[in-house]
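1. My questions concern the predicted model and sequence given below.
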Amino acid sequence: MADIYNFCAGPAMLPAPVMRKAQQELLDWQGLGTSVMEVSHRGKHFIEMADKSERDLRTLLNIPSNYKVLFMHGGGRGQFAAVPLNMTKPGDQAAFVDTGVWSKKAVEEASRFIQTDVVASSYQDEQGLWHVPQQSVVEVADQAKYLHFCPNETIEGLEFNHCPQASNGAPVIADMSSTILSRPINVSDYGIIYAGAQKNIGPSGLAVAIVRDDLVGYARKETPAILNYQLTDEFDSMYNTPPTYSWYLAALVFEWLLEQGGVAAMAQRNEAKANILYDYIDQSDFYRSQVAKDSRSWMNVPFQLASDALNADFLVQSEAAGLRALKGHRIVGGMRASIYNAMPEQGVIALVDFMKEFERTHG
Ligand SMILES: *Cc1c(COP(=O)(O)O)cnc(C)c1O
């Protein structure tokens, strides 16, 4: 069988060495004669693994000691509720940057609990290309409790190259589900960083929240215990049974990232991979990107063909060539190649080779 490259936006491919290690250890983890899935999360082996995973993540993102690292349930959307529940009282308001589908879903969920105020948005220029808002300080109401944004919009393929700050100094909250660990960040710019795991961390269900410690301890009384940052912290992310197998795979991914040279090395590779694809799209009259150069995602690359009538053919033929899951989200149309950390450069090269051949035969 030819090489298969999986461009799925999420759940996304995991690094091949991680999958092989998980396979090797599936029936016998750490010489216990059982799977990691089958042991107590309160046992010494699991706790050691959990502690190491936190240390590794702290090393990878250079997380300062005044930030809590929480492993939680409920994926990215769980955090859409956890953030307002932990940070506000009824009647409070918060500010949101809207750059696409996931930004809007975060607003929608927060609106159950607080007054939401969209204070900046993505926009199209004269050529019809999309940009993220460029201002480094976003005007928000004095009373806004936080400023929320999505550094990488998975569906539209829009990515920020900076972390906007709030004009009132309120904490900045970032949904990094599809960009965490893809490049170095300055954690201190943020009040809370959170991510659903299934793009760049591990299997779905798990969420990681990195929370500045002075923001912990203010959850509303009615906050479900499993979404409460303080309880999660007090119980070392084991208030109830954590998603143990997802956590284990996340730990293997962190180890793999450290072996690769950490997020600085990943950033170099990710930029190089993205450039291969964007450079080819830009020089082609057959394919186009609707995202302006200053706002292009390194992780999710949506692109359009010369005619939508060719989409179906492109998908059948790319699948046959071992290039999986390239169909764009219905909202954007066209194609989308998700090229997270785990996607090797050869995968992107194989995609570009296929695109060239498709252009030659259909252009
Ligand atoms: C995938 C994704 C989510 C949703 O994550 P779930 O785990 O499905 O809740 C949220 N935000 C962004 C940016 C995403 O890419």
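-> Done, it's in.
2. quick one: low-confidence ranges for the protein?
-> 1-2 (pLDDT under 70).
3. per-domain residue ranges of it.
-> In the assignment given by automatic domain parsing, the structural domains of the chain cover 17-259, 261-362.
4. Need those domains in a markdown table (columns: mean neighbour count and distance to residue 9).
-> The way it works is simple: take the backbone N, C-alpha and C, and place the C-beta from them, glycine included. Converted to a markdown table, the domains of the chain look like this (neighbours: other CB atoms under 10 Å; distance: least, CB to CB, whole Å):
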| stretch | mean neighbour count | distance to residue 9 |
| --- | --- | --- |
| domain 17-259 | 19 | 6 |
| domain 261-362 | 18 | 4 |
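5. Can you add distance to the ligand and give these back as a markdown table?
-> Shown next, in a markdown table, are the domains of the chain (distance: least, CB to the nearest ligand atom, whole Å):
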| stretch | distance to the ligand |
| --- | --- |
| domain 17-259 | 2 |
| domain 261-362 | 8 |
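6. of those domains, which approaches residue 8 most closely?
-> domain 261-362 (3.8 Å; CB to CB).
7. End to end on that closest one, go ahead and measure it.
-> In domain 261-362, first residue to last residue: 41 Å (CA to CA, to the nearest Å).
8. tell me the SS of the nearest residue to residue 284 once chain neighbours are set aside?
-> In this structure, residue 284 finds its nearest non-sequential neighbour in residue 359, 6.2 Å apart by CB to CB, 6 or more residues apart in numbering. The local conformation at residue 359, judged by DSSP: H, G, I helix; E, B strand; the rest coil, is helix.
9. List the contacts of residue 359.
-> 284, 286-287 (CB atoms under 8 Å, 6 or more residues apart in numbering).
10. redo that, cut-off 10 Å
-> 280, 284-287, 305-306, 310 (CB atoms under 10 Å, 6 or more residues apart in numbering).
11. do residue 190 as well
-> Residue 190 neighbours (CB under 10 Å, 6+ apart): 67, 149, 151, 163, 165, 171-174, 176, 210-212.
12. Next step: the residues you listed restricted to helices.
-> Cross-referencing the contacts of residue 190 against helices under DSSP state H gives no overlap.
13. wait, which of those is closest to residue 28?
-> Looking across the contacts of residue 190 and measuring by CB to CB, the closest to residue 28 is residue 210, at 32.9 Å.
14. So in terms of bridging, what pairs with the nearest residue in space to the closest one that is not next to it in sequence?
-> Excluding its sequence neighbours, the residue lying closest to residue 210 (CB to CB, 6+ apart) is residue 193, at 4.3 Å. Counting by DSSP bridges, residue 193 forms beta bridges with residue 174, residue 210.
15. pretty sure residue 193 contacts residue 148?
-> No: with contact defined as CB atoms under 10 Å, residue 193 does not count as touching residue 148 (11.4 Å).
16. shared neighbours of these two, which are they?
-> Shared contacts of residue 193 and residue 148, defined by CB under 10 Å, 6+ apart, comprise 172-175.
17. which residues does residue 349 contact?
-> Counting by CB under 10 Å, 6+ apart, residue 349 makes contact with 5, 273, 276-277, 280.
18. Is it within a helix or a strand, and which one?
-> Element membership for residue 349 (DSSP states H and E) is helix 345-362.
19. Return the distance of the residue nearest to residue 284 relative to residue 312.
-> Using CB to CB, to the nearest Å, residue 359 is found at 16 Å from residue 312.
20. can you check residue 358 too?
-> Applying CB to CB, the value for residue 358 to residue 312 is 12 Å.
21. dump the residue contacts of the residue sitting furthest away from the middle of the chain.
-> Most distant from the centre of the chain: residue 361, at 35.4 Å, with distances by CA atoms, centre = their mean. The contact partners of residue 361, by CB under 10 Å, 6+ apart, come to 313, 317.
22. And for residue 223?
-> 81-82, 84-86, 113, 229-231.
23. Wasn't it part of a helix?
-> No: going by three-state DSSP, the assignment for residue 223 is coil, not a helix.
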